[in-house]
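[1] Please work out how this folds:
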Amino acid sequence: MKNILLLALTIMVSLQAVAQQPQKKQSKVIIENADFIDRNQTEIPGAVVLSGNVRLKHEGVVITSNKAYYWEADDYAKLFGNVVMNQGDTLHMNSKYAEYNGAKKFAFASGAVSMQSPDTRLVTDTVYFDRNIQQAYYRTNGTITNGDNVLKSKAGRYYIAQKKYQFNTAVTLTNPKSVLKTNHLDYYTGPGHAYVFGPSTITGKNSFVYTEKGFYDSKKDQAKLFTNSYIDYDTQRIKADYIYYDKKREFSTLTNNVSVRDSVNKYVVRGHYGEVFKLKDSLFVTKHAEAVTLAENDSVYVHAKRLVVTGKEGSRIIRGYTDARFYKKDMSGKCDSIHSDEKRGLTQLIKRPVVWNGKSQITGKVIHVISENVTKQLDSIKVLEDAFIAQLDTIYTKLYPDKPRYNQLKGKNLYGRFCDNKLYEVDLVGNTEKLYYMYDGDNSLIGIDKGVSSKIHMEIEDNQIVSVSSLISPKSESYPEKDLPENVRKLNGFVWRGDEMILTHDDIFPEDEKKLHEEILKKTGKLKAQTDKPLEKMKETTDWDKEHPKPKPESPATAPADNSKNPK
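    Numbers count the residues shown, from 1 in each chain. All right, here's what the predicted structure looks like:
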């Protein structure tokens, strides 16, 4: 019991000692100077009238003016004519009129207000300055100058400690290189970094940028773009979930759901990672990459692990490296690499190429597909060395689907011609051979034609061989089916690659690329379903702050005293 009483007595003594300690009083506004002082209460009841070189001071802020009314009881002043308000090296404000509340540490300035911080100058009609939270704001249309950057807005707020302006209404940032417009902007005056949220645009001499969330370094002319972003160059539009854009180099990196579309030249390149170098008219795309040449009824789709597109309009070259594939309505193919020259209308399939036209398979050392320059329709096909055509015998296969057999023709080189994008005639030249199943009008087998010659000419209708003619020194014989054993019904070099056949647009993508594509779509879909938020302060801005530390505050020993003598 004694211990409890002793503890209670100790607490009471401690509380009484705290209550008796002198409380720190909030300092009042100090009148440091005035040429004339009038304490006549009839003119301004309760106020001291100061005029001529008026100088007031309050907790680190110095205010000068031509004239002032000061209500000591309220610690409140009204100032007139050439008002200058200084807060150390952080803020300097000029105006025609101002009010200052020492009790609330709040200032109001109006009439041709000019507010300067170390990096910027704001010109507006009215500014409110809350010293407690070190923020100044305006609602009367302002123009802010920061180096080469000029910002104009209806309203804005300045965070002194962060050296940051914030705008939540229409704002325009203009410099010699571009114009940025947005409704939500955080602008850091030191590094010149702009953070936008909501529909925003950056317009340059040769480009137009749209984003709904992004970062822009106005000094380096670089941007990081996130939500619903794209870049327009003349006829070209670049889109991606994330875009890094270097305006000086006209260079961009693109990540996830990448699309580069040319509306005039009618092509689009897609993937999940890409780089665009506009000054060099080049781009490459990887991760589920495809290049599409758009046509009304018969677009061409090209895929490779890595697609590279170079050259100006009309002289584009598309290169595809590793497991290249293409698909169009009546033709598809694959090879190790592909090279397509728009100006020459030439597409080269390189290393183990194969082309399928209907049920026909064409192989050789190198395959060239030639298109007409103006219409972009297929003109001809060339197979150089080891040319081989194999076509599924569809009549027999319908009856015996588990026992497919093939018409076969081979030669040194092959030359085919197209009409309305369909192969209609083919010539094989040099050491040609054939094995061809012949049917009558009732689809009954007449015989098997096998032979050699120097040239073979074929006619094709609806992707089916309808006639085969051996020309120049032909040597051939027609065998009844029973007289030609199975083991001699395959020409040397025959390999049917039907399991690789590309039957749909989706078949141009290998399984690993399809899996990657699905994973990225799933991941980005979840992100897009979330509520979007403004960007947090990025590393570039944080690093700039570290490299440009704020000046240390003056110590009490060196700081100017607040107890200056009152003027007479």
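[2] for the record, mean pLDDT for stretch 313-326?
    Mean pLDDT, stretch 313-326: 90.
[3] Tell me how far that stretch lies from the chain's centre.
    23 Å (Cα atoms, centre = their mean, to the nearest Å).
[4] residues of that stretch that come out buried?
    Neighbour-count burial for stretch 313-326 flags 316-321, 323-326 (criterion: 16 or more other Cβ atoms under 10 Å). The way it works is simple: take the backbone N, C-alpha and C, and place the C-beta from them, glycine included.
[5] Now for those residues: which two are most distant?
    Distance extremes for the buried residues of stretch 313-326: the farthest pair is Arg316 and Asp323 at 21.8 Å, using Cβ to Cβ.
[6] Just the ones of the buried residues of stretch 313-326 in strands?
    317-321, 323-326 (DSSP state E).
[7] Could you tell me how far Asp379 is located from Ser332?
    18 Å (Cβ to Cβ, to the nearest Å).
[8] quick one, which of those two is more surrounded?
    Between Asp379 and Ser332, counted using other Cβ atoms under 10 Å, Ser332 has the larger neighbour count: 23 against 18.
[9] neighbours around the closest residue to that one other than its chain neighbours, how many?
    Spatial nearest neighbour of Ser332, chain neighbours left out: Ile502 (3.7 Å); criterion: Cβ to Cβ, 6 or more residues apart in numbering. The local packing of Ile502 (other Cβ under 10 Å) involves 22 other residues.
[10] can you list the weak-confidence ranges in the stretch 401-550 of the chain?
    Applying pLDDT under 70 to the stretch 401-550 of the chain flags the ranges 550.
[11] Where do the helices of it begin and end?
    With helices called from DSSP state H, counting those that start in this stretch, the stretch 401-550 of the chain shows them at 511-529, 539-547.
[12] Low-confidence ranges, the chain, go.
    Checking the chain against pLDDT under 70 turns up 1-26, 296, 550-568.
[13] tell me, what residue is most central in it?
    By Cα atoms, centre = their mean, the chain has its centre lying nearest to Ile243, at 2.3 Å.
[14] Just the residues contacting whichever helix or strand that one is part of, thanks.
    Secondary-structure assignment from DSSP states H and E places Ile243 in strand 242-246. Strand 242-246 has contacts (Cβ atoms under 8 Å, 6 or more residues apart in numbering) with 209, 211, 220-226, 229-231, 251-256.
[15] what do you get for stretch 148-166?
    87, 90-91, 115, 117-120, 122, 134-144, 167-176, 185-190, 192, 218, 550.
[16] ok, back up a step: what separates the residue nearest to Ser332 from Gln361, distance-wise?
    Ile502 is 12 Å from Gln361, where distance means Cβ to Cβ.
[17] related to what we said a few turns ago, inside strands: which ones of the contacts of stretch 148-166?
    Per DSSP E, strands hold the following members of these: 87, 91, 115, 122, 135-138, 142-144, 167, 171-174, 185-188.
[18] picking up where we left off before, quick one, which of the helices of the stretch 401-550 of the chain gets closest to Glu99.
    That would be helix 539-547 among the helices of the stretch 401-550 of the chain, by Cβ to Cβ, at 33.2 Å.
[19] Show me which positions of that closest one end up buried.
    541, 544.
[20] what do you get for stretch 100-112?
    In stretch 100-112, counting by 16+ other Cβ under 10 Å, buried: 100-102, 105, 107-110.
[21] can I get the residues you listed in a markdown table with distance to Glu519?
    As requested, these are exported to a markdown table (distance: Cβ to Cβ, whole Å):
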| residue | distance to Glu519 |
| --- | --- |
| Tyr100 | 61 |
| Asn101 | 60 |
| Gly102 | 62 |
| Lys105 | 55 |
| Ala107 | 56 |
| Phe108 | 57 |
| Ala109 | 57 |
| Ser110 | 59 |
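[22] can you pull out the strands in the stretch 401-550 of the chain?
    406-419, 422-439, 445-461, 464-471, 475-479 (DSSP state E, counting those that start in this stretch).
[23] Just say which of these is most tucked in.
    Most buried of the strands of the stretch 401-550 of the chain, by mean neighbour count (mean count of other Cβ atoms under 10 Å): strand 406-419, with a mean of 21.
[24] what inclination does that one have with respect to strand 464-471?
    Strand 406-419 runs at 100 degrees relative to strand 464-471, counting by axes from the mean of the first three to the mean of the last three Cα atoms, to 10 degrees.
[25] Please shift the residue numbers so they start at 57 in all later answers.
    Happy to do that; since the first residue is 57 now, the last one works out to strand 462-475.
[26] in its sheet, what does strand 462-475 sit against?
    Sheet pairing for strand 462-475, assigned by DSSP bridges, gives strand 434-448 (antiparallel), strand 478-495 (antiparallel).
[27] what inclination does that strand have with respect to strand 501-517?
    Using the same axes, to 10 degrees: strand 462-475 against strand 501-517 is 20 degrees.
[28] May I have strand 462-475 exported as CSV, CA atoms only?
    Written as CSV, here are the backbone C-alpha positions of strand 462-475 (Å, rounded to 0.1, in the frame of the first residue of the first chain):
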residue,chain,number,x,y,z
TYR,A,462,1.8,-38.3,-103.2
ASN,A,463,2.4,-37.0,-106.7
GLN,A,464,6.0,-36.1,-107.0
LEU,A,465,8.0,-33.9,-109.4
LYS,A,466,11.6,-32.8,-109.1
GLY,A,467,14.3,-31.0,-111.0
LYS,A,468,17.2,-28.6,-110.6
ASN,A,469,15.2,-25.4,-110.6
LEU,A,470,11.5,-24.5,-110.5
TYR,A,471,9.6,-21.5,-112.0
GLY,A,472,6.0,-20.9,-111.2
ARG,A,473,3.5,-18.2,-112.0
PHE,A,474,0.5,-16.8,-110.1
CYS,A,475,-2.8,-15.3,-111.2
